[in-house]
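Chemist: coordinates only, no sequence provided:
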C-alpha cells in the first residue's frame, strides 16, 4: 500500500520537522542573537556549538521535576501539555507542497485560528494553578494580550480569504501562483506578523513573562521538563506562525525552478526559516512595551487598520467583479 | 434499541462527555473548576456540529465559545477573591426559578428538535437547503442566508450586541474615581476600585 505509506511518511514528517526546527532554534536563536549583539553565543559544545542542544536536553531532563505543594496539581501538570497540543494540531492543516498535508480541510484557515485560540489556556492555567502572585499576574496579562490580539489576527486574514474566496489553505496557495499576497495584502501581512509576535509572547510583547518585574511571569513555578515544554512550545509556535505567513502571504511552495515536490518543499522551508530569522532579529532589536502601550496599539491602531484593510479589499474585489 | 453504527457510537460518546461536563459544572464546589468543566461541554457541542457536517459552525464554536467566552469566564473567576480555596457551596437563592426556566427551555428545545428535518448520517451542510431557492452551498450559503433571507433578525442581533457592549462600558466606567482626584481620602475607594485596574499594573 504505497498510498498509505506515503501518508504515514507525511504524518511522521509533520510531527518531526517542527520539533527539529524548535530544538535547533534553542541553539540557533542564541547564536543569531549573539551575532546581532556582537557576542559569540554558545560555541563550545561540538562544531559551532551545535551540540549545545543535546547538552541542554540532558541538563533539563535530569533536573528535579518539582510541583509546588500549594499548586493545583492536575491543572499544573496539564498546562504545559496544552501549548504543545494546540500548536501541533495547527500543523495538521498546513499544506507544505502540492498534496503534502496531513488533512486538507476546506476550513483549514478557521481550524488554525480555532487551535491558536486554545493556546491561551496553557498560559492562563499555568499562571492560575501555580497559586503564586507573579505567575497569576503574568497569566492575567497574557489572557488580556492574547485575546485582544486574536481579534485582529483573525480580521487581518479575512483580506486573504476575500481575495482567494476560500478558507482552504491549499487553494489559497494555488491562488498566489501569479502574485504573492504580500503585495496586495501588505497591511494584512504586517498586522498578522505583529499579532504572531504577540501570540507567541515574543519580545516587544513578552509582558506575561517580563523578568525584570514578574520574575518569570506565568512559568515562575515551573522547572525541569515542564518548563522545557513551555520553552519548546514557544519555538514550535514561532515555526507555526512563520509557516502560516509563508502559506498565506509568501506563496507557500511557489518558487522558480523545477516543479517537483522536493523543490517545492525546499522553497517552503527556505521561506519559513527566513521568517524565523526575522522574528529573532526583532527580538534582538526592540525593547519591551508597557502594558497600556500594548493595549492602545492593539485596539486603537491595529484593529481599525485591519477593518479598513478588509473593507478596501472587499470593495476592490466587488468592483473588479 | 439504537443501532450501533460508528455514527451512533460517536454521537453517544459526545453526548456522554457533554452531559458529564454539564453536570460537573453545576455540581463542582470550586468556582474555577466549574469553569474548567465548561470546556468539555463546549467542545462536545463543536463535535455535534462536526457530526452534522457543519464544519464552519464547529470551527466558529471552538473559536468563540472555547477561545474567547470561556477564557473570559476563567479570567473573571481568577479575579475574584479566594478563587483558589472557595470550597463552600455557592449560595443561590434562585434555585427554584432557574429550575423552572430550565424545564421550559428544555421543552422548547425538544419541540424545535421534533420539527427539524435532520440530515442523514455524516451529511455535509452542502446538501441542506438553508433557505428556499438558494443556489450556492457551503460557507457562502451561510453568508447569503444570513445577509439576504434573514437580514432583519441579523441586524436586530447586531443592535442587541452593540447595546450590551455600551451597557458594559457604562457599568465599568461608573465606579471609577475621577482621574484628577487622588487625595489621600480616596485611598479606601482606590482599594475597592474594580480589580480590573490591577490587571494592568
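Modeler: Alright, I've got the coordinates. All values derive from a computational prediction rather than experimental measurement.
Chemist: next, give phi and psi for residue A:44.
Modeler: Dihedral angles of residue A:44 (phi, psi; degrees, to the nearest 10) stand at phi -100, psi -40.
Chemist: tell me where the model's unsure across the chain.
Modeler: This is for chain A. Applying pLDDT under 70 to chain A flags the ranges A:1, A:207-213.
Chemist: please refer instead to chain B.
Modeler: For chain B, counting by pLDDT under 70, the residues that fall below are B:1-3, B:81-92, B:117-138, B:175-201.
Chemist: now the helices: where do they sit in it?
Modeler: Counting by DSSP state H, one finds helices in chain B at the ranges B:6-27, B:31-51, B:55-61, B:70-79, B:95-114, B:138-144, B:151-174, B:187-192, B:196-199.
Chemist: reformat the ones you listed as CSV; add distance to residue A:23 and mean neighbour count.
Modeler: Heads up, the C-betas are built off the backbone N, CA and C, glycines and all. CSV is the format used below for the helices of chain B (distance: least, C-beta to C-beta, whole Å; neighbours: other C-beta atoms under 10 Å in any protein chain shown):
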stretch, distance to residue A:23, mean neighbour count
helix B:6-27, 35, 14
helix B:31-51, 30, 19
helix B:55-61, 31, 21
helix B:70-79, 30, 18
helix B:95-114, 50, 10
helix B:138-144, 38, 16
helix B:151-174, 45, 10
helix B:187-192, 48, 10
helix B:196-199, 35, 13
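Chemist: can I get those helices in a markdown table with distance to residue A:131?
Modeler: Output for the helices of chain B, formatted as a markdown table (distance: least, C-beta to C-beta, whole Å):
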| stretch | distance to residue A:131 |
| --- | --- |
| helix B:6-27 | 22 |
| helix B:31-51 | 11 |
| helix B:55-61 | 31 |
| helix B:70-79 | 11 |
| helix B:95-114 | 31 |
| helix B:138-144 | 44 |
| helix B:151-174 | 28 |
| helix B:187-192 | 23 |
| helix B:196-199 | 17 |
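Chemist: to residue A:62, which of these lies closest?
Modeler: Residue A:62 lies closest, by C-beta to C-beta, to one member of the helices of chain B: helix B:31-51, at 32.4 Å.
Chemist: report the angle between the closest one and helix B:6-27.
Modeler: 160 degrees (axes from the mean of the first three to the mean of the last three C-alpha atoms, to 10 degrees).
Chemist: point out the other helices and strands that helix B:31-51 packs with.
Modeler: helix B:6-27, helix B:55-61, helix B:70-79 (3 or more C-beta pairs under 8 Å, 6 or more residues apart in numbering or on different chains; DSSP states H and E).
Chemist: give me the element the residue nearest to residue B:67 when sequence neighbours are not counted is part of.
Modeler: Closest residue in space to residue B:67, ignoring its immediate chain neighbours: residue A:117 at 2.7 Å, by C-beta to C-beta, 6 or more residues apart in numbering or on different chains. Taking DSSP states H and E as the definition, residue A:117 sits inside helix A:108-129.
Chemist: quick one: the helices in the stretch 201-321 of chain A, in order.
Modeler: A:211-214, A:224-249, A:261-285, A:291-296, A:303-319 (DSSP state H, counting those that start in this stretch).
Chemist: tell me how far the closest residue to chain B within the stretch 201-321 of chain A lies from residue B:168.
Modeler: Closest residue of the stretch 201-321 of chain A to chain B, C-beta to the nearest C-beta: residue A:291 (4.9 Å). Distance of residue A:291 to residue B:168, computed by C-beta to C-beta, to the nearest Å: 21 Å.
Chemist: ok, residue B:18 touching residue B:51?
Modeler: No: the pair residue B:18 / residue B:51 is not scored as a contact, 11.9 Å apart, by C-beta atoms under 8 Å.
Chemist: the nearest residue to residue A:80 once chain neighbours are set aside: neighbouring residues, count only.
Modeler: Distances taken as C-beta to C-beta, 6+ apart put residue A:229 closest to residue A:80, at 3.8 Å, once the chain neighbours are dropped. Close neighbours of residue A:229, defined as other C-beta atoms under 10 Å in any protein chain shown, add up to 21.
Chemist: of the helices and strands packed on helix B:31-51, which approaches chain A most closely?
Modeler: Closest to chain A of the helices and strands packed on helix B:31-51 is helix B:55-61 (C-beta to the nearest C-beta; 3.8 Å).
Chemist: which residue packs closest to residue A:43, ignoring adjacent ones?
Modeler: Spatial nearest neighbour of residue A:43, excluding adjacent residues (C-beta to C-beta, 6+ apart): residue A:49 at 4.2 Å.
Chemist: the one you found: neighbouring residues, count only.
Modeler: Residue A:49: 18 neighbours (other C-beta under 10 Å).
Chemist: so how far is chain B from it?
Modeler: 39 Å (C-beta to the nearest C-beta, to the nearest Å).
Chemist: which of the helices of the stretch 201-321 of chain A is buried the deepest?
Modeler: helix A:224-249 (a mean of 23; mean count of other C-beta atoms under 10 Å in any protein chain shown).
Chemist: for the stretch 151-300 of chain A, list the residues in contact with chain B, please.
Modeler: Contact residues, the stretch 151-300 of chain A versus chain B (C-beta under 8 Å from any C-beta of the partner chain): A:154, A:167, A:291-292, A:295.
Chemist: list the contacts of the residue nearest to residue A:43.
Modeler: Counting by C-beta atoms under 8 Å, 6 or more residues apart in numbering or on different chains, residue A:49 touches A:27, A:31, A:41-43.
Chemist: so who does the residue nearest to residue B:67 touch?
Modeler: So residue A:117 contacts A:150, B:62-63, B:66-68, B:71 (C-beta under 8 Å, 6+ apart).
Chemist: go again using 7 Å as the cut-off
Modeler: A:150, B:63, B:67-68 (C-beta atoms under 7 Å, 6 or more residues apart in numbering or on different chains).
Chemist: what angle sits between the helix or strand where residue A:155 lies and helix A:224-249?
Modeler: Assigned by DSSP H and E, residue A:155 belongs to helix A:133-164. Between helix A:133-164 and helix A:224-249, the angle comes out at 20 degrees (the same axes, to 10 degrees).
Chemist: quick one: contacts of the next helix-or-strand element following helix A:133-164?
Modeler: Following helix A:133-164 in sequence order, the next helix or strand is helix A:169-174 (DSSP H and E). Here helix A:169-174 makes contact (C-beta under 7 Å, 6+ apart) with A:93-95, A:101, A:104, A:108-109, A:160, A:164, A:166, A:247-248, A:251-253.
Chemist: distance from the chain centre to the helix or strand just after helix A:169-174, please.
Modeler: Downstream of helix A:169-174, the first helix or strand assigned by DSSP H and E is helix A:186-199. Put simply, helix A:186-199 sits 11 Å off its chain's centre (C-alpha atoms, centre = their mean, to the nearest Å).
Chemist: and for stretch A:168-179?
Modeler: The answer for stretch A:168-179 is 21 Å, by C-alpha atoms, centre = their mean.
Chemist: perfect, that will be all.
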